[in-house]
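Peer 1: Curious how this folds, go ahead:
(3 chains)
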Amino acid sequence: MAIAASADKQPLIVMRGVCKRFGMVMANDAVDLDVFPGEVLALLGENGAGKSTLMRLLYGLYPPDTGRIEIDGRQVIFGSPRDAMAVGIGMVFQQFSLLPNLSVLENLLAASPRAPWWQGRRRPVMNDILVWLNRLAPKLDARRRVSDLAVGERQVVELAKVLNLDPRLVILDEPTSVLTPDETARLHGFVRHLAAEGKAVIFITHKIADVTSCADRVAVMRRGRLVEQGAATAKSSDDIVSAMVGRTVTSRATPVRLRSQVPRLQIIGLSTAAGHSNSPIRGLTLSVGGGEIVGVAGVVGNGQTALAEAIAGLMPLAAGEVTLDGVSLACLDSGLPPAISTIAYIPERPIDNAVVADLDVAANLELRRLRQRPFLGGSTGMDLAARLIAKYDVRPNNPRLAASSLSGGNLQKLVIARELSGAPDLLVACYPTMGLDLIAADSVRQRMFDHAARGCAVLWMSEDLDDLLQYAHRIAVLFDGRLVAVVPREQASRDRIGRLMAGIERQDHAA
Amino acid sequence: MRRDLVDPIRFAPILVMAIVFLLVAMAFFVSIGKPPVRTLLDMVLFAAGDAYSLSETLVKTAPILLCALATIVPARLGLVSVGAEGQLFVGAIFGTAVVLAFPNTPAAILLPSMLLAGMIGGALWGFIPGILRGRLDANETIVTLLLNYVGVLLVNALVFGPWKDPRNLGWPATVSFPLAATLSGFFGTRAHLGLVFGILAAIGFGVLFAISRWGRELAVLKGNAKVGQMIGLSFGRQAMLVMSLGGALGGLAGICEVAAIQGRLQPGISVGYGLTGFLVAWLSGHNPVVAIVVSVLIGGLIAAGDSLQLYAKVPAASAIILQGLLFATALAVGGLAQRWKAARG
Amino acid sequence: MLGSWIAAALRSATPLLVVMVGETLTQRTGVINLGIEGEMLMGACCGFAAAVITGNPLLGLLAGAAAGAALSTVHAGLVLGARANQISCGLAVWMIGLGLTSYFGRTYVGGQVSPILPIGAYLPNAPAFVRGALDQITATAPFAIVLAIAAGVWLYRTRTGLNWRTVGESAEVARALGIRPTWVRFQSIVLGGLLAGLGGAILSVDYTQTWAQDITKGKGLVAVGLVIVARWNPYLAIPVALLFGLSETSVLKLQAGGMAISPSLLATLPYLFAIGVVVFAQAQGRRNAAMPADLTAIFRTR
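Peer 2: Reported below is the predicted structural model:
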């Protein structure tokens, strides 16, 4: 990785003493940052460290409370992203800012200030808008609706949208969290290419791999402060992780040894109907034994949600069967799950799928026990809530607080507290550590493994291949709604799983 | 959830709302050429100045409260029902049918049967949008709004047609209800049992929503139907239930109006009680117990409007204008208060 | 005979179509306006009054449009300024419109307007088979159709149309792109009110040539539902409005035909038809695929 001598280059952007507070939280605390053209800066930090906030300040979404931002040596004050775009700053968001009901072309047109007033079928002007898109993804038909695109394709459109504005700085907010290893490698290459063309790139991430692959410089944030800054080659992975967390960290979760192979969860020929918003599952056969951890790898959008919901009894089966210890888990005709209380289900995106935002924390914690008595009240609910909040470190520790006021990570902990505090026979966990800082994630993993050690069957969907490679007994790979392989841990490698995830390799598997 | 009983956001702006509304009302009176302060004072007098005025206020309160509950109960599940007017009319139809079919039954049997029939009719008129929403996810607001017009037309069809009293030349109405089917008023006034039903229902639902498991289930489904499904609750089933319950209350309002006030089924049994009920429901923060108080206030406003029309030549339409202005004022003040509160951080 | 039916249906559909185009554009920016029922009433009442006073029906139409636009500013203020619940705001505006028109319109009940001449009057040499039809419709009918087409072209083929659609999909994204969602929504609400008022004026001045309290009887509300049936597409508003007009015309013909069925009962049919198509449209599997994304929060569907 060639590093240009930063000393003789003028910084494109200088941020000094930037502070931003949201309510009680100091999201950015006196941050000083330099950004140089022609190089890739990796902005690292755990979830909640303040990286996104800092970049949103730079992009003009809100003003800093104090501090200075200078571009080309002149101080700027942005009233809105429009001002930032006018100066040449572009940002690709983690939650894409595309409009799903409109076509790719319409999205690009909407975002392009050079678009003409009359948007009939005149070719030449439209081609201008499509230049970057054609470079990034030549086979993508711009007339397709964005809602029909896969996640990786949407990111390409988002990127093209930003590049159409010919920015001098491109900010990428956690772009690799939804990509296959292949797509990630492609993105890394493209980012290097952008830097070579003289653009400045800021790459927000919490993964070390992104740093080693394409960054020239590294900046690490922790709890709102910028704690480290320097050339990428000068830092080891351990250094960086320590800077992110504040101390040396070794993962304390101990992998579980597999003892018996008695299958408890049996899925045979499972298919779900297309037409729901999730991609369907087709003909899936898999079994999970008591005490076994089966990881499910596969980029979001290949059927993970459908699989999880079908097992949890929330999605009707079009074909096949799902049983736990011989009892069917299939969704009933009424659309409701069978009244089995021994399944723990942690869905993805807890704020949307697992929590009632309007109710308070205590009510959410006792949701599973709701149907037991005709009248509410009594102190048992609050006691239980207080215990769970303390045990799972949900912050702030006020059971009467509305769930909507909790951060994403704490909501995740709330859901996990509710689901894992019992003695389930089956645990279906979808991305349970997403959004959690390293220590909380570690503790969640440990709890899952404790349940496995008890004999619970665990089906674990994760976006983090390293987790699966380290802890799962077998790794199942989903692609396009089908189970393309089930690989025992000893035979699994990042390469191999990555190729399976991308649909490049297929394997005859034994369930 | 104790939080549900009293929503603190409402308290501070209530005073502002009242003041602004009084100013707006006075401006309206000026625009129609009436002395503003004098007219306002007259309204207060006509609403509560003496025993007769109060009883007239209570006469209006009964259907308004029941119609408000017809909106509040579905709102607990997050459904927006504006169908109380139609439920009122259809409830009146069903109740009248019983009376017309068995006019000579003694009161002990006829009266409860009539009221029950009214509730069943209203429940049916609520069930239709309920099942459409529950099974087909069709928007209940539009369906209930359109069903209102159908309900009114059905009454017209019956009283101009098969149910028309032949002795009533030209005036479309059924025969007068027999004494056994009349809800008499209290203490010689026109205030009737419907008010008691309304208050009991309001308190009952208030308690249920606050401390029963069913109330919590509704709250869960309203907040996140998917999570409700996860713990075994059915949004569709509850939608049908709450819409039918709300409809039953609307139907009860209808048959009470016919049996106690009109004495027969005829086209003009409601002066927009359905829409007024929606307004009351909204002003009460969808809280059944608070709705009792608000219904009395609005009942007073409408009763005063009636009297003003008779004595001060204020046009009949001013009641609905004032309600609309009140609604708009409340929305404006409430909304601005929330914005101000959010901006303060 | 068929031509006569279609012409009658077109005549009946014209006011509704104008209102639907307005509400379509409003909903496309993510705002639902139930108050168009009140704005349509204002248009019908003020338009009729203006036509009676000035003797000029076209001035009546203009006055009606202005009245509708004026009332819609209340809705805009409540929804955009106070950020209040849109359904409630619409109902409040409806109540105000209903009350105001009932009061101020009572002197005009039974009034007479000079009618707008039907197209047939300008084309005395038209062939016989279209004569019947042309004698029934006035210039408002083709105007409404042209309006719908123009709205569609504007919405789908121009920059500002795309901006409006962007606002309806996500005000947040629109803001990031430099569009001002609040200003766009204000424009769409007032434009919707203007067209609702115009539709109401066409109803009273041209179609029925009368004024009576609550003359619209829920047509504005029907329009809100039919906008959904037409998938927020101005082009589709034409056949949808025509179908509804056909249902109304059928009822009128049946009523006039001396059938033994109560006219009130027959009058429920257009409402039942509207409910039917709204439910059918919403029950379709991919119904939400076309709904402007910012509207889904208001409709609170699952």
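Peer 1: Show me which residues of the top helix by length along chain B are buried.
Peer 2: In chain B, assigned by DSSP state H, the helix with the most residues is helix B:107-136. Neighbour-count burial for helix B:107-136 flags B:110-111, B:113-134 (criterion: 16 or more other C-beta atoms under 10 Å in any protein chain shown). From N, CA and C alone the C-beta is placed, and that goes for glycine too.
Peer 1: Who are the packing partners of that helix?
Peer 2: helix B:51-75, helix B:84-101, helix B:140-160, helix B:235-256, helix C:263-283 (3 or more C-beta pairs under 8 Å, 6 or more residues apart in numbering or on different chains; DSSP states H and E).
Peer 1: could you dump those to CSV with mean pLDDT, mean neighbour count and distance to residue C:248?
Peer 2: What follows is those, written out as CSV (pLDDT from 0 to 100; neighbours: other C-beta atoms under 10 Å in any protein chain shown; distance: least, C-beta to C-beta, whole Å):
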stretch, mean pLDDT, mean neighbour count, distance to residue C:248
helix B:51-75, 94, 27, 29
helix B:84-101, 95, 28, 20
helix B:140-160, 95, 25, 13
helix B:235-256, 96, 29, 28
helix C:263-283, 91, 19, 5
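Peer 1: what's the closest of those helices to residue A:309?
Peer 2: Nearest to residue A:309 among the helices and strands packed on helix B:107-136 is helix B:235-256 (15.9 Å), distances taken as C-beta to C-beta.
Peer 1: can you tell me if that closest one touches chain C.
Peer 2: Yes. Using C-beta under 8 Å from any C-beta of the partner chain, we find that helix B:235-256 touches chain C at residue B:235.
Peer 1: Next: stretch B:26-41.
Peer 2: Yes. Against chain C, stretch B:26-41 shows contacts by C-beta under 8 Å from any C-beta at residue B:32.
Peer 1: which residues sit against that stretch?
Peer 2: Residues outside stretch B:26-41 that contact it (C-beta atoms under 8 Å, 6 or more residues apart in numbering or on different chains): B:22, B:25, B:308, B:312, B:314-315, B:318, B:321-322, B:325, C:103.
Peer 1: could you measure the nearest residue to residue A:401 once chain neighbours are set aside against residue A:419, distance?
Peer 2: For residue A:401, ignoring the flanking residues on the chain, the nearest one in space by C-beta to C-beta, 6 or more residues apart in numbering or on different chains is residue A:361 at 5.5 Å. Per C-beta to C-beta, to the nearest Å, residue A:361 is found 15 Å from residue A:419.
Peer 1: ok, the two, which is more surrounded?
Peer 2: residue A:361 (27 against 23; other C-beta atoms under 10 Å in any protein chain shown).
Peer 1: and the longest helix of chain B, what's its mean pLDDT?
Peer 2: Per-residue pLDDT values over helix B:107-136 give a mean of 94.
Peer 1: Go ahead and confirm residue C:76 touches residue C:186.
Peer 2: Yes. With contact defined as C-beta atoms under 8 Å, residue C:76 reaches residue C:186; the gap is 5.1 Å.
Peer 1: More neighbours: those two, which one.
Peer 2: residue C:76 (25 against 20).
Peer 1: Excluding chain neighbours, what is closest to the more buried one?
Peer 2: residue C:189 (4.3 Å).
Peer 1: Name the SS class of the one you found, please.
Peer 2: State at residue C:189, reduced to three classes by DSSP: H, G, I helix; E, B strand; the rest coil: helix.
Peer 1: tell me the contacts of it?
Peer 2: C:26, C:31, C:33, C:72-73, C:75-76, C:79-80.
Peer 1: And for residue A:358?
Peer 2: Residue A:358 touches A:402-404, B:219, B:222-223, counting by C-beta under 8 Å, 6+ apart.
Peer 1: for residue C:232, same thing?
Peer 2: C:24, C:27-28, C:290-292.
Peer 1: mind putting those in TSV, distance to residue A:119, pLDDT and neighbour count included?
Peer 2: Shown next, in TSV, are these (distance: C-beta to C-beta, whole Å; pLDDT from 0 to 100; neighbours: other C-beta atoms under 10 Å in any protein chain shown):
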residue	distance to residue A:119	pLDDT	neighbour count
C:24	19	97	28
C:27	21	96	23
C:28	16	96	27
C:290	20	70	14
C:291	22	79	20
C:292	19	83	22
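Peer 1: Helix or strand for the closest residue to residue A:181 other than its chain neighbours, just tell me which one.
Peer 2: Nearest residue to residue A:181 in three dimensions, chain neighbours excluded: residue A:498, at 3.3 Å (C-beta to C-beta, 6+ apart). Assigned by DSSP states H and E, residue A:498 belongs to helix A:494-501.
Peer 1: Can you give me the buried ones in that helix?
Peer 2: A:496-501.
Peer 1: same deal with stretch C:60-75?
Peer 2: C:60-72, C:74-75.
Peer 1: what's the answer for stretch C:30-40, then?
Peer 2: C:30-40.
Peer 1: for stretch C:206-224, same thing?
Peer 2: Buried residues in stretch C:206-224 (16+ other C-beta under 10 Å): C:206-207, C:209-212, C:215-224.
Peer 1: Could you do stretch A:172-179 as well?
Peer 2: A:172-179.
Peer 1: Equivalent analysis for stretch B:268-288, please.
Peer 2: B:269-288.
Peer 1: right, is it up against chain C?
Peer 2: Yes. Shown here: stretch B:268-288 in contact with chain C (C-beta under 8 Å from any C-beta) through B:275, B:278-279, B:282.
Peer 1: Just the element for residue B:322, please.
Peer 2: Residue B:322 belongs to helix B:318-344, assigned by DSSP H and E.
Peer 1: Any idea how many residues pack against the closest residue to chain A within chain B?
Peer 2: Of the residues in chain B, the one nearest chain A is residue B:223, at a distance of 3.6 Å by C-beta to the nearest C-beta. Using other C-beta under 10 Å, residue B:223 is surrounded by 19 other residues.
Peer 1: what does residue A:193 give?
Peer 2: 13.
Peer 1: Now do the SS call for residue A:70.
Peer 2: Quick answer, by three-state DSSP: residue A:70 is strand.
Peer 1: name the element the spatially closest residue to it that is not a sequence neighbour belongs to?
Peer 2: Of all residues not flanking residue A:70 in the chain, residue A:14 sits nearest, at 4.3 Å (C-beta to C-beta, 6+ apart). Assigned by DSSP H and E, residue A:14 belongs to strand A:13-22.
Peer 1: about what we covered before: same question for the helix holding residue B:322: list its buried residues.
Peer 2: In helix B:318-344, counting by 16+ other C-beta under 10 Å, buried: B:318-337.
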